[in-house]
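# Sequence and predicted structure, then a few things I'm wondering about:
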Amino acid sequence: MSSFLRPLTTPVTYTRWLHLLLPGAAVSVWLFISTDTPWVPVVLAALVGLIPGMRLAEGIQAQLLLTPGERGDPAASISAAPSTSWSERWRTSLWLEVRLLCAALAGMATVWLLATAVDLIRSAVGSEPSAEWFAAGLGTHWWAALLAPVPLLMLIAIIVSCGELITAAARWLLGPTRKQRMTALEERTEQLLERNRIARELHDSIGHALTIAVVQAGAARAAHDPEFTERALLAIEETGRDALDDLERVLRVLRESGEPSGRQPSLSEAARLLDSARGSGAEVDADLSGPLEQVPASVSREGYRILQEALTNVLRHSGSVAVRVRIAVADGRLELVVTNPLMGSAHTPLAGSTDAMGAGSGLRGIRERAALLGGTARTGPHKGEWRVHASLPLYRIP
């Protein structure tokens with residue numbers, strides 16, 4: 001019984017009830033004007049449904065009263081948009097006919113069952129029931145009070161059932177078409193991919209800046225050399241400024257202000273990353289070959305971020321060690337290799353090993369960046385060293 005009465009405590013039951021009664025009120029007004037033409041509202045509903053704006057009005061009303069929990073959700077099961085095709089117009093006309101049918105059933109149940117419950121109560125208290133309702137001729141009996149809840153329970157069942165039926169019909173007839181669902185899904189996928197890319201951008205840029213700042217500050221504190229400290233502070237300042245520029249660019253995208261996202265980093269600026277790593281104490285041996293300035297912007301940007309993350313991992317996990325960087329453009333591909341010695345002993349996790357680094361998102365981000373461009377990225381121990389090797393096609397594989 002508790003599950004049967006639970007809809008009484010749910011607000012959507014009453015909003016759906018209101019949605020069912022609204023057409024009945026309009027039909028009642030017409031029947032008051034002309035009782036000889038009850039078919040007119042049915043014909044008018046079919047014709048009005050062909051008006052494009054009618055689908056918008058019905059969709060908004062259905063969202064508010066039938067599925068209030070989906071209001072404002074881009075993936076709502078009931079769309080609120082004008083008709084854009086004859087198929088949507090005919091579906092709107094059919095929706096109005098179904099709505100009139102459900103409204104007639106719910107309206108009659110509301111009036112007749114409530115009146116019957118009142119008559120049963122009147123019979124129980126000694127008053128004659130009205131001649132118009134189901135309890136007519138019952139007389140006055142105290143036990144009629146025991147029957148009074150029956151029509152109320154029937155009314156609850158009918159209203160809840162009609163509410164579920166009209167909601168299902170609205171989702172079917174007013175819901176987005178398959179093409180609209182595919183379009184919305186594609187837009188949602190693009191948004192998620194963009195947010196994932198932004199998250200990687202923040203991780204790589206801010207993580208690199210913080211790593212440089214921590215390493216430089218620690219080295220300056222240990223060196224006790226004013227000249228070295230000044231160089232370290234300068235490196236921290238430059239790295240922090242670059243990170244702030246990246247952060248501002250990403251925040252502009254997140255605010256969706258419509259402004260351009262600003263300058264994107266490229267491999268032509270790789271020297272800045274290498275100098276930053278050298279300033280942090282790493283011995284960087286770099287070999288850059290090929291026309292880096294001719295690399296497509298998307299490949300150049302992702303290559304820059306991969307190099308940035310690889311150098312950040314070296315500084316974070318291995319410290320001031322020798323690093324070899326090889327970047328080459330040849331045969332339609334960009335090859336980027338960063339290697340450094342494995343640190344540690346048999347009793348401690350190796351710096352740069354999968355134990356030390358695999359749990360983070362940096363290496364996964366490198367592989368994701370390469371995969372998005374149709375390339376590959378391998379990270380891990382290689383001949384006694386830790387190696388990051390990314391191979392990216394200069395033109396994305398369709």
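Looks like it arrived, so ask away.

# what are the ranges of the strands in this structure?
Secondary structure of the chain by DSSP state E: the strands cover 283-289, 322-330, 333-341, 376-382, 385-393.

# any low-confidence regions in the stretch 101-250 of the chain?
Across the stretch 101-250 of the chain, the ranges flagged by pLDDT under 70 are 128-139, 178-194, 197, 200-201, 203-205, 208, 246, 249-250.

# cutoff 80 now
Counting by pLDDT under 80, the stretch 101-250 of the chain has low-confidence residues at 126-144, 177-250.

# what about the helices in it?
144-147, 149-173, 178-223, 226-255 (DSSP state H, counting those that start in this stretch).

# Residue 220: what's it in contact with?
Neighbouring residues of residue 220 by CB atoms under 8 Å, 6 or more residues apart in numbering: 228, 229, 232, 233. (Each C-beta comes from the backbone N, C-alpha and C, glycine too.)

# any idea how far it lies from residue 316?
Here the distance between residue 220 and residue 316 works out to 17 Å (CB to CB, to the nearest Å).

# Apart from its neighbours in sequence, what residue is nearest residue 121?
Once flanking residues are discounted, residue 121 sits nearest to residue 148: 5.2 Å by CB to CB, 6 or more residues apart in numbering.

# Number of residues surrounding that neighbour?
If you count neighbours by other CB atoms under 10 Å, residue 148 ends up with 18.

# Could you double-check that residue 308 lies in contact with residue 273?
Yes - under the criterion of CB atoms under 8 Å, residue 308 makes contact with residue 273 at 5.6 Å.

# Could you measure from the closest residue to residue 77 other than its chain neighbours over to residue 15?
By the measure of CB to CB, 6+ apart, the closest residue to residue 77 outside its immediate chain neighbours is residue 171, 4.5 Å from it. Distance, residue 171 to residue 15, by CB to CB: 16 Å.

# now residue 325
Spatial separation of residue 325 from residue 15 under the definition CB to CB is 64 Å.

# now swap in residue 267 and tell me
Computed with CB to CB, the distance linking residue 267 and residue 15 is 58 Å.

# For the two, indicate the residue with more neighbours.
Under the criterion of other CB under 10 Å, the comparison of residue 267 against residue 15 puts residue 267 first, with 24 against 16.

# got a pLDDT number for that one?
On pLDDT, residue 267 comes in at 85.

# any idea how far it lies from residue 84?
According to CB to CB, residue 267 and residue 84 sit 46 Å apart.

# any residues touching stretch 230-245, and which ones?
Where contact means CB under 8 Å, 6+ apart, the residues beyond stretch 230-245 that reach it are 205-206, 208-210, 212-213, 216-217, 219-220, 262, 272, 276, 279-280.

# switch to 6 Å and redo it
For stretch 230-245, contacts defined as CB atoms under 6 Å, 6 or more residues apart in numbering pick out 205, 206, 209, 212, 213, 216, 220, 276, 279.

# swap in stretch 153-161?
Contacts made with stretch 153-161 from outside it, assessed by CB under 6 Å, 6+ apart, are listed as 7, 17, 109, 113.

# Can you get me a residue count around the last one?
The criterion is other CB under 10 Å. On that basis, residue 113 has 21 neighbouring residues.

# Quick check: it touching residue 152?
No - checked against CB atoms under 6 Å, the pair residue 113 and residue 152 is beyond contact range at 7.1 Å.

# Off-centre distance for stretch 297-307?
On the basis of CA atoms, centre = their mean, to the nearest Å, the separation between the geometric centre of stretch 297-307 and that of its chain is 27 Å.

# returning to what we had before: what's the closest of the contacts of stretch 230-245 to residue 119?
Each of the contacts of stretch 230-245 was scored against residue 119 by CB to CB, and residue 206 proved nearest at 74.1 Å.

# Please report the distance of the residue nearest to the closest one when sequence neighbours are not counted from residue 308.
In this structure, residue 206 finds its nearest non-sequential neighbour in residue 243, 5.6 Å apart by CB to CB, 6+ apart. Between residue 243 and residue 308 the distance, using CB to CB, works out to 11 Å.
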